[in-house]
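Asker: okay, structure incoming, though there's no sequence with it:
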């Protein structure tokens, strides 16, 4: 299976790329790293990425910029970081990528626990994540040729200890749990699901 | 109680305005109707609306444009209708309005059943609604001075029969159920809730 990982040089993406390349052809896509790059906030950049990639079987996205910071700094302008990044970036990966992915292929997007369990400083992520989860449900009944779509929603992950102070009392999700969540989407038969971890 | 209704000349807003004005001061805000108008896709227009309104106790929004149409027409451009309208329009009503609303005031936003029960043609609404619901949860733990925020999520409503064909088998929500949903948010003590109807 040819698996494209967008965000492949980040904490989650690099772990998944290493895990999946043992059995599959993995194509790593970064924002500023690697041979194939994409700026997910730009539909033109996404289209260019797909033209370079050629046909593929699964796309995993672990990239999703949002604004993290004090509520008092949240304005239309700061909120757009998550809108154009984690939300529309991932939605456009699907809207454009549906024309490039192989039949029976799958898209697996990244959301996060703050969708349902809010934390201070993360209202932008709560909204962007939720939007992606809503989109996943809406898209699952529209995509044709057996193409599937799911989201993986982890809590704070063990390899990102810098975020622990933002998530008091939350047991970190292990990298193996994260891998298994993506396995369930990529290699299973589900569609329109939000796979919650932790 | 001084209650502002944004979308007061639409099917839902006009019903709610008539129902609540029996016991409260209702200020009707329309997009192109009434003495006070707002274009919720413009933060500047929202700011100008609040300056005209003066202090108030509750804001209800029933306005929320989204793109409704075939999946094949869904692109970044068409998707932005719901992003800038139902999503950021309502989020900006809160981000800006928090500086104008009275202590212990409330915001009640509108989402819809397609967040969780998708229908063809409504993927943009699924995403925009979900974003608003995620924002409501994130905002509820950040708003100060006892200010509350909830969303009301109706299915197709009885007074909009033009939408019935899009919602096969869905029992229409009565206008009274809709009113009661908003009553729960405006006059109750809950915050961070999505009040599902039907």
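Answerer: Arrived safely, thanks for sending. Bear in mind the structure is a predicted one, so any value in this text is a computation, not a measurement.

Asker: contacts, neighbours, all on C-alpha from now
Answerer: Fine.

Asker: wait, a strand at residue A:152?
Answerer: Yes. The assignment for residue A:152 by DSSP: H, G, I helix; E, B strand; the rest coil puts it in a strand.

Asker: what lies in contact with the longest strand seen in chain A?
Answerer: Looking across chain A with DSSP state E, the single longest strand is strand A:101-110. Strand A:101-110 is contacted by residues A:55-64, A:90, A:94, A:129, A:132, A:145-153, A:182, A:185-186 when judged by CA atoms under 8 Å, 6 or more residues apart in numbering or on different chains.

Asker: please spell out the PyMOL selection for the buried subset of the residues you listed.
Answerer: Entered in PyMOL, the line below selects the buried ones among those, by 16 or more other CA atoms under 10 Å in any protein chain shown:
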select buried, chain A and resi 56+57+58+59+60+61+62+63+64+90+94+129+132+147+148+149+150+151+152+153+182+185+186
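
Asker: of the contacts of strand A:101-110, list those near chain B.
Answerer: By CA under 8 Å from any CA of the partner chain, the members of these lying near chain B are A:129, A:132.

Asker: before we move on, the earlier item: what is the mean pLDDT for the longest strand of chain A?
Answerer: The pLDDT scores in strand A:101-110 average 98.

Asker: what about that strand, distance to the chain center?
Answerer: Offset of strand A:101-110 from its chain centre (CA atoms, centre = their mean, to the nearest Å): 12 Å.

Asker: stretch A:136-156 now?
Answerer: Put simply, stretch A:136-156 sits 11 Å off its chain's centre (CA atoms, centre = their mean).

Asker: how long is that stretch from one end to the other?
Answerer: Start-to-end span of stretch A:136-156 (CA to CA, to the nearest Å) is 21 Å.

Asker: and stretch A:59-73, by the same measure?
Answerer: Where stretch A:59-73 begins and where it ends lie 34 Å apart, using CA to CA.

Asker: circling back: just the contacts of strand A:101-110: which are in strands?
Answerer: A:56-61, A:148-153.

Asker: re the thing from before, just the buried residues of the longest strand of chain A, please?
Answerer: Residues of strand A:101-110 classed as buried by neighbour count (16+ other CA under 10 Å): A:101-103, A:105-110.

Asker: now the two most distant members of those residues.
Answerer: Maximum pairwise distance among the buried residues of strand A:101-110 (CA to CA): 21.8 Å, between A:103 and A:110.

Asker: show me what the helix or strand encompassing residue A:127 is packed against.
Answerer: Per DSSP states H and E: residue A:127 is located in helix A:123-140. On a contact count with 3 or more CA pairs under 8 Å, 6 or more residues apart in numbering or on different chains; DSSP states H and E, helix A:123-140 meets helix A:76-82, helix A:88-97, strand A:148-154, strand A:193-197, helix B:123-140.

Asker: run the last query once more with 6 Å
Answerer: If you count contacts as 3 or more CA pairs under 6 Å, 6 or more residues apart in numbering or on different chains; DSSP states H and E, helix A:123-140 packs onto helix B:123-140.

Asker: what angle do the helix it packs on and strand B:148-154 make?
Answerer: Interaxial angle, helix B:123-140 versus strand B:148-154 (axes from the mean of the first three to the mean of the last three CA atoms, to 10 degrees): 160 degrees.

Asker: and for helix B:123-140, what's in contact with it?
Answerer: Here helix B:123-140 makes contact (CA atoms under 6 Å, 6 or more residues apart in numbering or on different chains) with A:115, A:118, A:123, A:126-127, A:130-131, A:134-135, A:138, B:66-67, B:79, B:82, B:87, B:111, B:114-115, B:149-150, B:191-192.

Asker: so what strands line up beside the longest strand of chain A?
Answerer: strand A:56-61 (parallel), strand A:148-154 (parallel) (DSSP bridges).

Asker: got JSON lines for those strands, with mean pLDDT too?
Answerer: Formatted as JSON lines, those follow (pLDDT from 0 to 100):
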{"stretch": "strand A:56-61", "mean pLDDT": "98"}
{"stretch": "strand A:148-154", "mean pLDDT": "98"}
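
Asker: reformat those strands as CSV; add distance to residue A:177.
Answerer: CSV is the format used below for the strands paired with strand A:101-110 (distance: least, CA to CA, whole Å):
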stretch, distance to residue A:177
strand A:56-61, 16
strand A:148-154, 9
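
Asker: for these, which one sits closest to residue A:71?
Answerer: strand A:148-154 (22.7 Å).

Asker: tell me which parts of chain A are close to chain B?
Answerer: A:115, A:118, A:123, A:126-127, A:130-131, A:134-135, A:138 (CA under 6 Å from any CA of the partner chain).

Asker: and of those, the nearest to residue B:17?
Answerer: Residue B:17 has its nearest neighbour among those in residue A:127, at 28.4 Å by CA to CA.

Asker: and for the closest one, the neighbour number?
Answerer: Applying other CA atoms under 10 Å in any protein chain shown, we find 38 residues neighbouring residue A:127.

Asker: distance from the centroid: which residue in chain A tops it?
Answerer: Distance to the chain centre peaks in chain A at residue A:72, reaching 27.3 Å (criterion: CA atoms, centre = their mean).

Asker: how far away is residue A:17 from chain B?
Answerer: According to CA to the nearest CA, to the nearest Å, residue A:17 and chain B sit 28 Å apart.

Asker: I meant residue A:10, not that one.
Answerer: 25 Å.
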